[in-house]
Structures are given as structure tokens and as C-alpha cells.
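In: Provided below for reference: sequence and predicted model.
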Amino acid sequence: MNKLVIGNLLHRPLRTLISVVAVAIEVVMILSIVAIMVGMVHNASSQRSGIGADIIVSPPNSSFISSVGGAPVPAKIADVLAKLPHVAVAAPTIAQFNMTGGVETIWGIDFDSYNALKPFEFLEGRKFSTPNANEVIVDDLYAHSKPGRTVGATVQLLNHPFKICGIVEHGKGGRIFLPIRVLGGLIGGPDNASVFYIKSDELKNQELIRREIKSTPGLGEYQVQTMQEWMSLMTPEHLPGFNIALNVVISIAVIVGFLVIFQSFYTAVLERTREIGILKSMGASKLYIVNVVLREAILISIVGIVLGVVMTQVLKLGLSARMPTFSFQLTNAWRLNATVIALLGSLLGALYPAWKAARKDPIDALAYE
């Protein structure tokens, strides 16, 4: 039977190739969208874990992701927080999306307090010369993502030129850092911040700090989370629309794979009517005919899945080389999920053609022209 299956596929190489490519595209669609979305979450989580803060304080009614964009509260709240018992450091920051030349987040920081959370590891250069300097500190991945991003070079951020004054080790929250007053001025809030990072004198005092913040006049409605609590929320399940977008892409990929396999095998069954008649006249059962067709579908799926996984890996390597700051997370769990989804889609697409082939009357099939 296996020789018959392979012979049938090789006899129509173009149709087989199209079917294999369709399954491969289905796998690439699933793996790439998952890798991009999971990569974004993983990147944000890993970056913020290196800030050195124990507690995050954000404005009232904000979510764990809504602090990215805008500076709605006074930065001087950091001074109030810093005076609380058990607070060692309080650093005001702004996180602002920048869509120019790609999606990136620009961080506005008060260098001294932010550096006190956990010191920057400078590879080259220095800190900002003044709190109002048109200077930028970038991490090594951002610096290496394009030629010419060296200390002293000028980069365009939010349609303004900034001189690179320092290059630091990555993993300190962001990749691009401006003085908080400069970034605040560009977005209309020179004295504001979007979130505050706190370092406690001892980790065991985190709950005490939370209560102290809540009992401080004017801060009772502010959101107070430990870094562990924030990290636990940085999962795909907690991101608005993540599962919806993922399910839509998977559904489209499955439909594409299903339709191509269905069309391919339905046409193949029509073209092989006489062959099916010969097999049935020689005693082949309905189950045997169904088995042949489904084995062909499984073989095409396996080849397509392997090709899709390889293509996705090549895509990952290409993106990593071209955009080092881009996080593309391929996991074995999703490789397995994509394999199961593609295999089931192909089997469903081949099921009706297989059933139709099995129901053919051998006499009518042999008389088919």
C-alpha cells in the first residue's frame, strides 16, 4: 500500500508540491504569529525584570500595560514615595511608544534615581550631561541593530535629533533612554511621569510599603504591585485580544490548508476513477480505499509540516540578523501544536474525497472515460 501511496503522489508532482506548500504556509502562519506575540510579551517581561525595582506604582485605574504611552501624573510624587519608611529608591519614568521607523518604546528616566535601582553597565560613553540635554542612552542591541549607532552619532526619535552619549548592557527595562524632562516635554508633560519604580530597603517589607503608599494622602487610589505580581500578569492570556488574534490567525491557516487539501484530493479522486474501479474489482474494500487516500494526506502533511518548521526557523534567523532587537520566540510546545493543527486540517480536508472514492461503484468506475 505504501508503494501505491508514494506512486500516486509522485505521478502528479505539481499537485503534490502545491499541497505540501499549502500545509507549510499554514504552519508558518501559526508559528510566526505566535512567535511574534509571545516574543513581545517575553521581551517586555525580561527587560523589566532587570530594572532592579521591587514595586511598581502606577496611576489610578491603569492596567499593567496602560502605562505605556503618556505621562498623566506629576513626577514629583517620586519625592513623596522616597520619603516613606522602608523605601530605598523611588524612580519616576515615562514609557512612550514610537512608531517612526518601527515599533519601539522610548523610556524617559531620571538618571540618578533610575540608576540607583540597579546601576547601568556602560559599554561605551557616559550618562546624560544635564537633565535637559538632547542626549540619548541606548542599549547594545539597539546600537548594533543598524550601522553608525555609536557614541557621538545622532538618531531621530519622535522627529527630533538626539546625540548618543552612552551605550549600555541590554536588560534594563528599555532600549532607548531619554532624560525624563526632555521626553515629557515632547509629549506635553515636562514635569510628569507615567509610572514609578520602587526599591525597598528589604524585600520582606514590600507589604509594609504597599500599606504606607495606600495610607498616604492622594495616593490611596494608585495601583501598587510587586514586581512578581506584575510579571505574573505578563502572559499571553492576560493581554487584551491576544487569544482572539491568535484564534483568528489559526482559523485562517486551517481553512487555507483544509481547502487546498480538499481541492487537491477531490480532483485526484475524480481523475483516478478508473484506478479506483480496478482496485475495487480486485477485491479492495471501502476501508482500503479510504486508507490509501488518508495515507496520502498524512504523507503530504508530514512533508509540509517539516518544511513549514524549517521555513519558520529560517525566518527567525533572518529577523534576528536584520533586527537584533526583535524578539521571535519559537517554542517546542507551539511546534507540536502547529503539527497537530496542520495534520488534523489535512485529514479533514481529505476525509470527504476518501469517502467519495470508497463509495464508487466498480462497474461505473471501470466504464468511466
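Out: Received the coordinates, thanks. Numbers count the residues shown, from 1 in each chain.

In: so where's the stretch 151-300 of the chain uncertain?
Out: 233-242, 269-281, 283-284 (pLDDT under 70).

In: can you give me the helices in it?
Out: Assigned by DSSP state H, counting those that start in this stretch, the stretch 151-300 of the chain shows helices spanning 180-186, 206-215, 227-233, 242-271, 273-281, 286-322.

In: what about residue 71, which helix or strand?
Out: Following DSSP states H and E, there is no helix or strand that holds residue 71.

In: neighbours of it, how many?
Out: Per other CB atoms under 10 Å, the neighbour tally for residue 71 reads 27. Where you see a C-beta, it was placed from the backbone N, CA and C, and this is true even at glycine.

In: next one: it from residue 77, what distance?
Out: 12 Å (CB to CB, to the nearest Å).

In: okay, and the common contacts of these two?
Out: residue 193 (CB atoms under 8 Å, 6 or more residues apart in numbering).

In: related to what we said a few turns ago, check the helices of the stretch 151-300 of the chain for me and report the most buried one.
Out: helix 180-186 (a mean of 22; mean count of other CB atoms under 10 Å).

In: return that helix as CSV; C-alpha atoms alone will do.
Out: Extracted C-alpha coordinates of helix 180-186, given in CSV (Å, rounded to 0.1, in the frame of the first residue of the first chain):
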residue,chain,number,x,y,z
ILE,A,180,12.5,62.3,31.7
ARG,A,181,12.0,66.1,31.4
VAL,A,182,13.0,66.0,27.7
LEU,A,183,10.7,63.1,26.8
GLY,A,184,7.9,64.7,28.9
GLY,A,185,8.3,68.0,27.1
LEU,A,186,8.0,66.2,23.7
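
In: which residues touch that helix?
Out: 71, 75, 92-94, 96, 106-110, 131-134, 158, 160, 190-193.

In: now do whichever strand or helix holds residue 356: which elements does it pack against?
Out: Element membership of residue 356, judged by DSSP H and E, is helix 332-358. For helix 332-358, the elements it packs on are helix 13-49, helix 242-271, helix 286-322, judged by 3 or more CB pairs under 8 Å, 6 or more residues apart in numbering; DSSP states H and E.

In: where does the closest residue to residue 346 other than its chain neighbours land on pLDDT?
Out: Excluding its sequence neighbours, the residue lying closest to residue 346 (CB to CB, 6 or more residues apart in numbering) is residue 301, at 4.0 Å. pLDDT, residue 301: 88.

In: which residues touch residue 301?
Out: Taking CB under 8 Å, 6+ apart, one finds 23, 261, 342, 343, 346, 347 in contact with residue 301.

In: return the distance of it relative to residue 267.
Out: On the measure of CB to CB, residue 301 and residue 267 end up 18 Å apart.

In: can you check residue 201 too?
Out: 73 Å.

In: please apply the same query to residue 126.
Out: 69 Å.

In: before we move on, back to that, do you know which of the helices and strands packed on helix 332-358 lies nearest residue 219?
Out: Taking CB to CB, helix 13-49 is the member of the helices and strands packed on helix 332-358 nearest to residue 219, at 21.7 Å.

In: tell me the helix or strand right after that closest one.
Out: strand 55-58.

In: ok, that next one: who's next to it in the sheet?
Out: Partners of strand 55-58 in the sheet, by DSSP bridges, are strand 195-200 (antiparallel), strand 223-226 (antiparallel).

In: can you tell me which of those strands is most buried?
Out: Most buried of the strands paired with strand 55-58 by mean neighbour count (mean count of other CB under 10 Å) is strand 195-200; its value is a mean of 24.

In: mind listing what residue 261 touches?
Out: Contacts of residue 261 (CB under 8 Å, 6+ apart): 19, 22, 23, 297, 300, 301, 345, 346, 349, 350.

In: what is the burial count for the first one?
Out: In this case it means residue 19. 28.

In: same question for the second one.
Out: One way to gauge burial is a neighbour count; for residue 22, by other CB under 10 Å, it gives 25.

In: settle this for me: it is touching residue 304, isn't it.
Out: Yes: counting by CB atoms under 8 Å, residue 22 touches residue 304, with 7.0 Å between them.

In: of all the helices and strands packed on helix 332-358, which lies closest to residue 230?
Out: Across the helices and strands packed on helix 332-358, closest to residue 230 is helix 13-49 (CB to CB), at 7.3 Å.

In: and the closest one, what does it pack against?
Out: Using 3+ CB pairs under 8 Å, 6+ apart, helix 13-49 sits against helix 227-233, helix 242-271, helix 286-322, helix 332-358.

In: can you list these in a markdown table and add distance to residue 57?
Out: Shown next, in a markdown table, are the helices and strands packed on helix 13-49 (distance: least, CB to CB, whole Å):
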| stretch | distance to residue 57 |
| --- | --- |
| helix 227-233 | 11 |
| helix 242-271 | 26 |
| helix 286-322 | 35 |
| helix 332-358 | 35 |
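
In: in the chain, which strand is the longest?
Out: strand 87-98 (DSSP state E).

In: and that strand with helix 206-215, angle?
Out: 70 degrees (axes from the mean of the first three to the mean of the last three CA atoms, to 10 degrees).

In: who touches the very next helix or strand once past strand 87-98?
Out: Downstream of strand 87-98, the next assigned helix or strand under DSSP H and E is strand 104-109. With CB under 8 Å, 6+ apart as the contact definition, strand 104-109 has outside contacts at 68, 71, 91, 93-98, 157-158, 173-184, 193, 325.
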